[in-house]
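A.B. asks: Generate coordinates for the sequence data below:
(chains A and B)
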Amino acid sequence: DTGVSQDPRHKITKRGQNVTFRCDPISEHNRLYWYRQTLGQGPEFLTYFQNEAQLEKSRLLSDRFSAERPKGSFSTLEIQRTEQGDSAMYLCASSLGTSGGLKYNEQFFGPGTRLTVL
Amino acid sequence: GESVGLHLPTLSVQEGDNSIINCAYSNSASDYFIWYKQESGKGPQFIIDIRSNMDKRQGQRVTVLLNKTVKHLSLQIAATQPGDSAVYFCAENIEGYSTLTFGKGTMLLVSP
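C.D. replies: Numbering: from 1, shown residues only, chains lettered A, B, ... in the order given. I've put the predicted structure just below:
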């Protein structure tokens, strides 16, 4: 399977614990995105990377959230001191970036990690 | 699987009917639009896209129409099949920005 993969698919944690999610993008894609989706809503942008550089962060990304992409391949999203309001689906997507003069490029989504904070 | 469609606008159709799903976008500066399909427990899947210099684009069984005057986007699915049952989202993008802004979804239910 050469699509975007995410691990774990489901995570249940107690309030106050730290959690870390992993995303493996499509191998030739240099852009990687994190989104959060709550029930009944569309995905909301959190942050994105161009290779290993984190280029944009949403105001939704509080200081308890940190994302890394150390080698420009896989990425991790960590949530510290989880709160019940953090319960959501965390989606990762990747895209080629603006190679070849393309201004736009399709974002391919992974299956998501469903976080439940008790 | 889990439902991502609770409390969403719902369109119920019979198999073989044509379906039209509508979306109002918010930013007049948006110049690229995408329709995604999301099945229960899965991430969004690309269906079709359109750029602002076009008003219609066709794919296999799907057509997207763009009306920039009223900031409206629609997705038409011909000969709807039970496998089309999912939540459909439109997303908008602005040139120079990499992020997508998603609209509210519509749940499509197709009865055999």
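
A.B. asks: low-confidence ranges in the chain?
C.D. replies: Answering for chain A, as no chain was given. Along chain A, the model assigns pLDDT under 70 to residues A:1, A:98-105.

A.B. asks: try again with chain B
C.D. replies: For chain B, the stretches flagged by pLDDT under 70 are B:1-7, B:96.

A.B. asks: near chain A, which residues of it show up?
C.D. replies: For chain B, the residues in contact with chain A (C-beta under 8 Å from any C-beta of the partner chain) are B:2-8, B:32, B:34, B:36, B:41-46, B:49, B:51, B:89, B:91, B:93, B:95, B:98-105. Yep, even glycine has a C-beta here, placed from its N, CA and C like the rest.

A.B. asks: Stretch A:32-40 near chain B at all?
C.D. replies: Yes - Stretch A:32-40 lies within reach of chain B by C-beta under 8 Å from any C-beta, at A:33, A:37, A:39-40.

A.B. asks: quick one: that stretch to chain centroid distance?
C.D. replies: Relative to its chain's centre, stretch A:32-40 lies at 8 Å (C-alpha atoms, centre = their mean, to the nearest Å).

A.B. asks: Please work out which residues outside that stretch touch it.
C.D. replies: A:23, A:25, A:43-49, A:60, A:67, A:69, A:75, A:77, A:87-95, A:107, A:112, B:3-8, B:98-99, B:105 (C-beta atoms under 8 Å, 6 or more residues apart in numbering or on different chains).

A.B. asks: Keep only those of the residues you listed that are in strands.
C.D. replies: Members of those lying in strands (criterion: DSSP state E): A:23, A:44-49, A:67, A:75, A:77, A:88-95.

A.B. asks: residue in chain B nearest to chain A?
C.D. replies: residue B:102 (3.0 Å; C-beta to the nearest C-beta).

A.B. asks: Give me the neighbour count for that residue.
C.D. replies: Using other C-beta atoms under 10 Å in any protein chain shown, residue B:102 has 21 neighbouring residues.

A.B. asks: one step back: now secondary structure too, for the residues of stretch A:32-40 next to chain B, in JSON lines please.
C.D. replies: Formatted as JSON lines, the residues of stretch A:32-40 next to chain B follow (DSSP: H, G, I helix; E, B strand; the rest coil):
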{"residue": "A:33", "secondary structure": "strand"}
{"residue": "A:37", "secondary structure": "strand"}
{"residue": "A:39", "secondary structure": "coil"}
{"residue": "A:40", "secondary structure": "coil"}
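
A.B. asks: Only the buried members of those: can you turn that into a ChimeraX selection?
C.D. replies: If you want just the buried ones from the residues of stretch A:32-40 next to chain B in ChimeraX, going by 16 or more other C-beta atoms under 10 Å in any protein chain shown, the selection is:
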select /A:33,37
